[in-house]
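Trainee: heads up, no residue letters with this:
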């Protein structure tokens with residue numbers, strides 16, 4: 001069993017930055033690709049970023065490319081999402097998840113999910 005706990009969300013003004021963390025416990029996630037998703041009110045959950053188990057392969061949604069950076073520290077069993085130049089449309093609950101199929105944009109490829117952390121960007 002794997003528990004994923006996100007933290008670092010909050011309220012920030014447009015143009016600001018936040019760094020989300022996803023700490024895994026129970027079992028290591030170092031052998032798995034990981035991903036971040038987000039869900040805004042009234043919208044479907046969408047892929048944000050993914051990272052391979054070694055960190056040498058990453059993928060981003062077009063909407064966040066160049067502004068967000070995903071990284072991981074396998075020694076700490078933690079995955080990060082650095083979010084810069086935040087926009088009001090980035091407002092959502094952000095989830096991290098463990099992938100069972102490598103770096104993928106499809107939520108069906110993820111088996112364990114965190115409870116989410118709220119990010120609110122004011123204009």
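Mentor: Cool, got the structure. Fair warning: this is a prediction, and the values are worked out from it, not measured in the lab.
Trainee: Can you name the next helix or strand after the helix or strand hosting residue 19?
Mentor: Using DSSP states H and E, residue 19 falls within strand 18-25. Using DSSP H and E, the helix or strand that follows strand 18-25 in sequence is strand 34-39.
Trainee: Now that following strand: buried residues?
Mentor: Residues of strand 34-39 classed as buried: 34-38 (neighbour count, 16 or more other CB atoms under 10 Å). C-beta coordinates here come from the backbone N, C-alpha and C atoms, glycine included.
Trainee: what pairs with the most centrally placed residue in the chain across the strands?
Mentor: Geometric centre of the chain, nearest residue: residue 36, 2.4 Å, by CA atoms, centre = their mean. Beta bridges link residue 36 to residue 49, residue 96 when assigned by DSSP bridges.
Trainee: List the contacts of it.
Mentor: Contact analysis of residue 36 by CB atoms under 8 Å, 6 or more residues apart in numbering lists 20, 22, 47-50, 70, 79, 81, 94-97.
Trainee: 7 Å instead?
Mentor: Residues in contact with residue 36, defined by CB atoms under 7 Å, 6 or more residues apart in numbering, are 48-49, 70, 81, 94, 96.
Trainee: By neighbours, which of the residues you listed wins?
Mentor: residue 96 (31 neighbours; other CB atoms under 10 Å).
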